[in-house]
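Participant: Provide a 3D model corresponding to the input given below.
(one chain, ligands or ions: 1)
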Amino acid sequence: MPTPRALVLRAPGTNCDAETAHAFRLAGAEAQSIHIQRLLAEPALLDACQVLCIAGGFSYGDDLAAGRVLGGQVRLRLADALRRFRDAGKLILGICNGFQVLASTDLLDLEDAHGPLATLTRNDSGRYEARWVHLRTAPSNCVFLAGIDRIELPVAHAEGKFVARDAQTLASLEQGGRLPLRYAAADGGEPCYPANPNGSPAHVAGACDASGRVFGLMPHPERFVDPTQHPEWTRTRSDAAGAGLALFQNAVRYFG
Ligand SMILES: NC(=O)CC[C@H](N)C(=O)O
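Facilitator: Numbering: from 1, shown residues only. Below is the predicted model:
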């Protein structure tokens with residue numbers, strides 16, 4: 001298979017597309033940032049790509065709610081193209097604001113005949129939370145998390161609390177391997193705030209669709225692709241790659 005190609009979607013207010021494209025390139029993909037208007041004008045541009053990533057930031061200024069306006073555009077005008085993209089065995093990743101966008105579409109399989117199964121809402125703290133967090137994975141078929149057990153990444157969001165419709169829905173998503181990324185405490189105990197930065201029940205930090213090929217997460221893997229990005233680096237002087245790079249490498253390897 002030739003080098004996989006990633007499209008990194010941006011809208012007015014997106015601010016993580018350049019570093020996300022950089023992360024894909026470091027992982028061995030070809031990557032290009034693309035404006036939503038360009039993709040709306042020519043959805044067939046997806047045909048030449050294997051990965052679509054919706055990047056983080058403040059699309060449309062978080063108006064109405066974070067990710068809601070871009071989510072509406074994706075849902076109303078790209079739904080068929082993206083369903084075909086997913087069903088062709090390709091990958092979709094939503095990072096932070098991109099997760100909020102995905103959560104307002106049906107691409108994560110988070111809705112049924114009665115409406116959404118879950119949503120992302122304001123952090124319990126009522127504030128924007130920007131900090132490094134510990135994460136653990138739960139068993140799943142999520143392509144992006146293959147081989148990852150624990151990982152440290154930064155979060156930066158105001159609306160990251162993952163709330164399911166009810167306790168039974170949350171339990172069935174958990175049991176179905178659909179909530180594969182969770183906030184964790186550094187010492188392995190219960191992750192109270194700020195280890196769980198937003199108050200998500202079950203400490204949910206990411207969700208994937210049934211196929212494992214569509215994944216949204218609140219933490220920012222693209223902000224830890226180089227060891228010097230870790231706040232402890234001046235002490236550890238680690239020369240291991242930034243742990244977030246593994247998610248992008250998993251995407252590339254999937255097409256290997
Ligand atoms: N870093 C981000 O993508 C932030 C997402 C969104 N603007 C929020 O604050 O919740």
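Participant: got phi/psi on the residue nearest to Gly177 when sequence neighbours are not counted?
Facilitator: Nearest residue to Gly177 in three dimensions, chain neighbours excluded: Ser140, at 3.8 Å (Cβ to Cβ, 6 or more residues apart in numbering). (Glycine included, C-beta is placed from N, CA and C.) Per-residue torsions, Ser140: phi -170, psi 180 (degrees, to the nearest 10).
Participant: what do you get for the one 4 residues further on?
Facilitator: Dihedral angles of Phe144 (phi, psi; degrees, to the nearest 10) stand at phi -70, psi -20.
Participant: relative to Pro219, how far out is it?
Facilitator: From Phe144 over to Pro219 the distance is 12 Å, taken as Cβ to Cβ, to the nearest Å.
Participant: again with Gly56
Facilitator: Per Cβ to Cβ, Gly56 is found 10 Å from Pro219.
Participant: quick check: neighbours shared by those two?
Facilitator: Common neighbours of Gly56 and Pro219 are listed as Cys96 (criterion: Cβ atoms under 8 Å, 6 or more residues apart in numbering).
Participant: list the buried residues of stretch 212-232.
Facilitator: Of the residues in stretch 212-232, 212-225, 227, 229-230 count as buried by neighbour count, 16 or more other Cβ atoms under 10 Å.
Participant: list the contacts of the residue nearest to Gly177.
Facilitator: Ser140 makes contact with 177-180, 208, 212 under the criterion Cβ under 8 Å, 6+ apart.
Participant: show me the two of these that sit farthest apart.
Facilitator: Leu179 and Gly212 (12.4 Å; Cβ to Cβ).
Participant: what does the stretch 1-150 of the chain have sitting close to the ligand?
Facilitator: With Cβ under 6 Å from any ligand atom as the criterion, the stretch 1-150 of the chain meets the ligand at residues 56-58, 62, 66, 96-97, 128.
Participant: 8 Å instead, please
Facilitator: 15-16, 55-59, 62, 66-67, 95-98, 100, 120, 123, 128 (Cβ under 8 Å from any ligand atom).
Participant: is Phe215 in a helix, a strand, or coil?
Facilitator: strand (DSSP: H, G, I helix; E, B strand; the rest coil).
Participant: once you drop chain neighbours, what's closest to it?
Facilitator: Of all residues beyond its chain neighbours, the one nearest Phe215 is Cys208 (4.4 Å), with distances taken as Cβ to Cβ, 6+ apart.
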